[in-house]
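Colleague: Sequence and predicted structure, then a few things I'm wondering about:
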Amino acid sequence: MEKEHVTLTQPDGTTLELPILEGSVGPKTFDVTSVYKKTGMFTFDPGFMATASCRSAITFIDGEKGILRYRGYPIEQLAEQSSFLEVAYLLLYSELPSAEQLTEFEYIIGHHTMINESLQMFYRGFRYDAHPMATMVGVVGSLSAFYHDSLDIHDARHREISAHRLIAKMPTIAACSYKRHKGEPFIYPRNDLNYTANFMRMMFATPCEEFEPDPVAAKALDLLFILHADHEQNASTSTVRIAGSSGANPFACISAGIASLWGPAHGGANEAVLNMLDEIGDVSNVDKYIARAKDKSDPFRLMGFGHRVYKNNDPRATIIRKVCYDVLENMPTADSPLFELALKLEEIALKDEYFISHKLYPNVDFYSGIIYRALNIPMNMFTVMFAIARTAGWVAHWMEMIGDPDHRIARPRQLYLGAAERAYVPLDKRG
Ligand code: ACO
C-alpha cells in the first residue's frame, strides 16, 4: 500500500510530497525535514503552534478531550493509586515497577539525597533575600562541578546515575534554598522517611525542634508532585531537550529547565495566581478583574486560566480542585476564604462569553497555590515545588533523547527581517 503523504504545491506549480508519520495515538504528523533541501524555503512556526519537535513515548495529551497519560496510564488512575516515586520510575523506565523494583528504586533515591558538603557553601554566596528559584538555577547547574564521575552522556549507566542523583537531590536543594532564604540551618535528609515526608521535614524541622509531617499534607503534596511530573514538550522540557541536544551535561540541562519554568507564563503561574487572588481580595471585586482580563488594552490576564494545549479542561485542575476540598476539610491552617474566592472567580469566568469563546479554563496552577498555602509552603517556593516534581519528567525526556540514535542538535532557522547587506561606515563618517 502506498504511504500517505501531504502534497505541497509551490508558487511555480511544482509539487513536493511530504510523508505522513503516524504515532500510536494522537494527530498524524507530516514530515517537513526535506522541505528546505527540496524547495529552498523554511517552514515558519514560532511558538511551535503546529510543530512536533521530536518523537517521544513518555506522555500523551489530548487537549480537546482533556486527556493526560504517562506511558499510557491515565493521570486520574495514577493520582488515585500511585506515589510520586512510582510515577518517576514509570517515566524513566517506561513500565510500572514490580514491588521489588519499587523498593529498590526508593532505596536508591533515598540514598542519593545528601548533597556534597562543600555545595552547601554555595548558598552562603547568595544574598539572603534571593528568590529560591534563582538559587535553584545556580545550585543545580553547579552539580556538574561536583559529580564528575557520571558525566559521560554516552554511557547509559552514567545517564542513569545522573537521573537518580537529580531526582534524589532536588528536594534537598529546594529545602536548602528555603532555609537560606529564612536564615535557618540546613536540615539533613532522613532515609527512613518517604520522598515527600523527607522533603517536608527538611523544610520545616529545625535543630531545636523535630517536625512530623501531617499525613493529609504529605499525601496532598505527593499527589501534586504526581500531577506536575511531566507534560510532554512544554517550554521547560523543550528547553532541557534543546540544551541537551548539544551534548551538554544533565545537571546544566536541568538548570536550564528550571530557568524556563520560572517564567509566569509557565511554572511561575502558581505564584502569580495567589498574588492575583490576594489582590482581588474579595468576591465583590471579581467582576472588575474579569473585565480587566477581557480588556485588550490592559496587560492583566487571569492567571491560572488558559493553556496552550488544553482547550476544554485541564484534567489536572479537576483533580486538584478535589484535593483542595480534602485539604480544607482536614487542615486547620487552610485558607477557606481564598478557596471560596477562587471558586467564585472560576464560576463567573466559566460563564463569561470571552472565556468560553477563547476556550479558557482553569489550568493545573489555578488551585495548586491554595494547597501549598494550606501546607505552609511560602509563595516564593511554589515554583520550586513544581521544579522538584518536573525533574522526573525532565530527566526522562533527556534520557529518551540521548538514547535515541537519530537525535541531532536542535538548531531552528529563522525568518530574517533585519538589514540586508550594507557597507561598514567608519566612525568619523557617521552622521
Ligand atoms: N486571561 C485573559 N485572556 C487570556 C488568557 C488569560 N489567562 N489566556 C489567554 N488569553 C487570551 C489572549 O489574550 C488571546 O486573546 P486574542 O486571541 O483575543 O488576542 C487568546 O486568549 C489566546 O492567548 P495566547 O496567549 O495566544 O495563547 P497561548 O496558547 O499562547 O498561551 C498561556 C497560553 C500562556 C497559558 C496563556 O493562556 C496565559 O498567559 N495564561 C495565564 C498564565 C498561566 O496560567 N500559565 C500557566 C500555564 S499551565 C503551566 O505552564 C503549568
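Modeller: Sure, I can see it. It should be emphasised that the depicted structure is a prediction, and the values quoted were computed from it without experimental measurement. Numbering: from 1, shown residues only.

Colleague: What separation do you get for the closest residue to Val139 other than its chain neighbours and Phe186?
Modeller: Sequence neighbours aside, Ile173 is the residue nearest to Val139 in space, at 5.2 Å (criterion: C-beta to C-beta, 6 or more residues apart in numbering). All C-beta spots, glycine's among them, are computed from the backbone N, C-alpha and C. Distance, Ile173 to Phe186, using C-beta to C-beta, to the nearest Å: 10 Å.

Colleague: out of the two, which sits in the busier spot?
Modeller: More neighbours surround Ile173 than the other of Ile173 and Phe186, with 28 against 15 (other C-beta atoms under 10 Å).

Colleague: What backbone torsions are found at the more buried one?
Modeller: Per-residue torsions, Ile173: phi -60, psi -40 (degrees, to the nearest 10).

Colleague: re the thing from before, hey, what's in contact with both of Ile173 and Phe186?
Modeller: With contacts taken as C-beta atoms under 8 Å, 6 or more residues apart in numbering, Ile173 and Phe186 have no neighbour in common.

Colleague: Tell me where the model's unsure across this structure.
Modeller: 1-2, 332-335 (pLDDT under 70).

Colleague: Nearest to the ligand within it, name that residue for me.
Modeller: Sorted by distance to the ligand under C-beta to the nearest ligand atom, the residues of the chain start with Gly306, at 2.3 Å.

Colleague: and the residue nearest to Val139, what does it touch?
Modeller: So Ile173 contacts 115, 136, 139-140 (C-beta under 8 Å, 6+ apart).

Colleague: repeat for Ser118
Modeller: Here Ser118 is in contact with Phe146 (C-beta under 8 Å, 6+ apart).

Colleague: Please identify the nearest residue in space to Leu143, excluding sequence neighbours.
Modeller: That would be Phe251: by C-beta to C-beta, 6+ apart, it lies 3.9 Å from Leu143.

Colleague: next one: Gly110
Modeller: Closest to Gly110 by C-beta to C-beta, 6+ apart is Asn191, at 4.9 Å.

Colleague: Please report the distance of that neighbour from His112.
Modeller: According to C-beta to C-beta, Asn191 stands 10 Å off from His112.

Colleague: Compare these two (neighbour count), which wins?
Modeller: His112 (17 against 12).

Colleague: wait, is that one part of a strand?
Modeller: No - under DSSP: H, G, I helix; E, B strand; the rest coil, His112 falls outside any strand and is assigned coil.

Colleague: Run through who's touching the helix or strand hosting Val286.
Modeller: Under the criterion of DSSP states H and E, Val286 resides in helix 286-294. Applying C-beta under 8 Å, 6+ apart, the contact partners of helix 286-294 are 276, 279-280, 298, 300-302, 305, 341, 344-345, 348-349, 352, 354.

Colleague: could you redo the last one with a cut-off of 7 Å?
Modeller: With contact meaning C-beta atoms under 7 Å, 6 or more residues apart in numbering, helix 286-294 is reached by 280, 298, 300-302, 344-345, 348-349, 352, 354.

Colleague: just checking, what packs against the helix or strand following that helix?
Modeller: Going down the chain from helix 286-294, the next helix or strand is helix 315-330, by DSSP H and E. Applying 3 or more C-beta pairs under 7 Å, 6 or more residues apart in numbering; DSSP states H and E, we find helix 315-330 packed against strand 67-70, helix 75-81, helix 215-228, helix 336-351, helix 365-374.

Colleague: okay, now Pro185: neighbour count?
Modeller: Counted with other C-beta under 10 Å, Pro185 comes out at 12.

Colleague: for the chain, what's the longest strand?
Modeller: Longest strand of the chain, by residue count under DSSP state E: strand 15-21.

Colleague: tell me what that one is packed against?
Modeller: Of the remaining helices and strands, those touching strand 15-21 by 3+ C-beta pairs under 7 Å, 6+ apart are strand 5-9, strand 29-30.

Colleague: Comparing those strands, which comes out most buried?
Modeller: Neighbour counts (mean count of other C-beta atoms under 10 Å) averaged over each of the helices and strands packed on strand 15-21 peak at strand 29-30, with a mean of 16.

Colleague: partner strands of it, parallel or antiparallel?
Modeller: Using DSSP bridges, strand 29-30 pairs in its sheet with strand 15-21 (antiparallel).
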